[in-house]
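A.B. asks: Got a sequence here, can you build the structure:
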Amino acid sequence: MQEDKRASSAKKGLEQPENLDTETVMKNIKSPTLRIKEIWLRMASDRRGVTAVIFALAFIPMVLAVGVSVDLGKGYLVRERLASTSDAAGLAIGSAIDTGQDLQILLDNFFAANFPSAKLGTVVSSTYDITNDVVTITASASVPTSFMKLIGKNSMDVQAVSVITRDTSGLELVLVLDNTGSMNSGGKLASLKTASHDLINILFGNETAPPLLKLGLVPFAGTVNIGAANTSLVSNLGSYDWGTTSWGGCVMAETYPTDVQDSFTGPWTPFYWPDHNWYNNWIVSGGYNITSSKGPNKKCPQEVTPLTNQRSTLEADIDSMVATGYTHINYGTVWGWRLISPEAPFTEGTSYTDPDWKKAIIILTDGANTTSNSNYTAYQYRSDGILGSTSSSGTTAELNNRLAEVCTNMKAQGIIVYTITFQVSNTTTQNLFANCATSTDNYFNSPSNAELQSAFRSIAAQLKQLHLSQ
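C.D. replies: From the prediction side, this is the model:
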């Protein structure tokens, strides 16, 4: 009888470790403190087997090790989400530096969107630093623990650091800017100059001649001025009576379709506004009466600025712009293309196939294409029928069609096209410019001077290329 009792007791002692099957372990994981305490009390009361004692001593660190792994896994997942959010926030701040936004609010919003209360992890801090075009984002988050509570650690902290470098490398940009007479009204020309300076400030930063940034300028009106020094690009200058002056640098448009292409290398016909008793009376009895508003170069705008990395040159040329003449947007645009092209007559542009450079053009107008019977332009007088019509609507439609062709041809070469309508109510022109742009995001309608400056800043922020450096 006594032997049976001993056998029964031994049997009971051996059953205890066998009962620690998968279901038992899972119950202990689900409620670690309660289950471990229960098993420990059971093992402590056992006097029968060394195996039970050894198991009891090993079980606690085994469970803790598994539990710590689970907690560390949660921390890793939160840390990855924190790093991804930091990267995205850094890119957003890099793009918004020059837009006037509150950057800390922008940063906080990024983390709030990615770490709502329903998700694991709580952001403790998020800060940014901007030094020499390098944006550094530092963020930390707290992750609640499940198993590590057993050793008194209720939470653990994770951290992420992202470094974003704002880079202007490999960018060629030409500004095709409306310098027509209507820009004299409402402070528009002054606003355009301010906006252009803002763009230069953003792109150049603190540099005066960055090696991997080049800008050009095409101030257009009814014609384009390629530079009076470029006499080799035009023909028969000596056959014209220039009076007391000389060729001002403007040229006539080429015959279609050459005037919508970059293939023509010259020579160009010099722009020469002939003497006219009503519209341009500069040849008078006994000599010449040439003034700023009369003469063979009447309404010839400021000459173009070929691609250059000289900040001072660009700023001075922007300040020198003067509003005069009629509007031929297509002709200003094709010369913008010729400036950024690697082909003659201007060869400052890099190859279209160079992977280290991007090309972009910004086209701005404050009105529709126009022609006149009294204003001589690159397409002569409207009544001359050079554009295939002698009516206002017919010639405007033709100029619009040619602008659309130039835009299509440029985009086919991989040039990024931005367009801006400035205080333009004409829906035809708005639609024309929207279609000319590379994408809808590249078109800006600016009804006011303030919105024009905002458009230039937005474009500059897009052109300020960003790359993740860490």
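A.B. asks: quick one: buried residues of the strand or helix carrying Glu315?
C.D. replies: Using DSSP states H and E, Glu315 sits within helix 311-319. For helix 311-319, a neighbour-count test (16 or more other CB atoms under 10 Å) marks Arg311, Leu314, Glu315, Asp317, Ile318 as buried. Every C-beta, even on glycine, is put in place using the N, C-alpha and C of the backbone.
A.B. asks: Pick out whichever of these sits closest to Lys298.
C.D. replies: Asp317 (21.3 Å; CB to CB).
A.B. asks: ok, for the closest one, nearest residue in space, not its chain neighbours?
C.D. replies: Thr305 (4.7 Å; CB to CB, 6 or more residues apart in numbering).
A.B. asks: what is that neighbour paired to in the beta sheet?
C.D. replies: Leu217 (DSSP bridges).
A.B. asks: Am I right that it is in contact with Asn225?
C.D. replies: No: here Thr305 does not reach Asn225: they are 10.4 Å apart, not a contact under CB atoms under 8 Å.
A.B. asks: what distance separates stretch 410-420 from the centre of its chain?
C.D. replies: Averaged C-alpha coordinates place stretch 410-420 at 14 Å from its chain's average position (CA atoms, centre = their mean, to the nearest Å).
A.B. asks: ok, and what's touching it?
C.D. replies: Stretch 410-420 is contacted from outside by 262, 333, 337, 340-341, 352, 358-365, 407, 433-434, 436-438, 442-446, 452, 455-456, 459, using CB atoms under 8 Å, 6 or more residues apart in numbering.
A.B. asks: residues in contact with Thr333?
C.D. replies: Counted by CB under 8 Å, 6+ apart, Thr333 has contacts Val176, Phe220, Ile361, Ile363, Leu403, Val406, Cys407, Met410.
A.B. asks: So the third one is in contact with Ile340, correct?
C.D. replies: By that I understand Ile361. Yes: using CB under 8 Å as the test, Ile361 is close enough to Ile340 to be in contact (6.4 Å).
A.B. asks: so where's this structure uncertain?
C.D. replies: Along the chain, segments meeting pLDDT under 70 span 1-68, 98-99, 167-169, 465-470.
A.B. asks: can you give me the strands for it?
C.D. replies: Taking DSSP state E, the strands of the chain run over residues 122-131, 134-144, 155-166, 171-178, 213-220, 224-225, 250-251, 283-284, 287-288, 305-308, 358-365, 416-422, 443-446, 466-468.
A.B. asks: export these to a markdown table and tack on distance to Asn206 and mean neighbour count?
C.D. replies: Putting those into a markdown table (distance: least, CB to CB, whole Å; neighbours: other CB atoms under 10 Å) gives the following:
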| stretch | distance to Asn206 | mean neighbour count |
| --- | --- | --- |
| strand 122-131 | 12 | 14 |
| strand 134-144 | 13 | 19 |
| strand 155-166 | 12 | 18 |
| strand 171-178 | 17 | 26 |
| strand 213-220 | 13 | 27 |
| strand 224-225 | 32 | 26 |
| strand 250-251 | 37 | 26 |
| strand 283-284 | 52 | 14 |
| strand 287-288 | 49 | 13 |
| strand 305-308 | 18 | 20 |
| strand 358-365 | 22 | 25 |
| strand 416-422 | 24 | 25 |
| strand 443-446 | 27 | 20 |
| strand 466-468 | 18 | 14 |
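A.B. asks: So which of those strands is nearest Gly205?
C.D. replies: Closest among the strands of the chain, using CB to CB: strand 155-166, at 8.1 Å.
A.B. asks: Can you give the strand pairings for the closest one, parallel or anti for each?
C.D. replies: Strand 155-166 has these strand partners (DSSP bridges): strand 134-144 (antiparallel), strand 466-468 (antiparallel).
A.B. asks: Next up, the contacts around Pro296.
C.D. replies: Tyr240, Asp241, Trp242, Gly243, Thr245, Trp247, Gly248, Tyr272, Trp273, Pro274, Trp282, Ile290.
A.B. asks: Buried ones from the residues you listed, can you make that a PyMOL selection?
C.D. replies: Applying 16+ other CB under 10 Å to the contacts of Pro296, the buried members can be selected in PyMOL as follows:
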select buried, resi 242+243+247+248+272+273+282+290
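A.B. asks: For Leu199, state which of the contacts of Pro296 is nearest.
C.D. replies: Of those, the one sitting nearest to Leu199 (CB to CB) turns out to be Gly248, at 27.7 Å.
A.B. asks: What's the separation between the closest one and Lys294?
C.D. replies: Distance, Gly248 to Lys294, by CB to CB, to the nearest Å: 13 Å.
A.B. asks: for Val417, same thing?
C.D. replies: 37 Å.
A.B. asks: these two touch, right, Gln261 and Thr408?
C.D. replies: No: using CB under 8 Å, Gln261 is not in contact with Thr408; the gap is 11.1 Å.
A.B. asks: show me the contacts for the closest residue to Ala221 other than its chain neighbours.
C.D. replies: In this structure, Ala221 finds its nearest non-sequential neighbour in Gly325, 3.1 Å apart by CB to CB, 6+ apart. Going by CB under 8 Å, 6+ apart, Gly325 touches Asn179, Thr180, Gly181, Ala221, Gly222, Thr223, Lys299, Cys300, Pro301, Asn375, Thr377.
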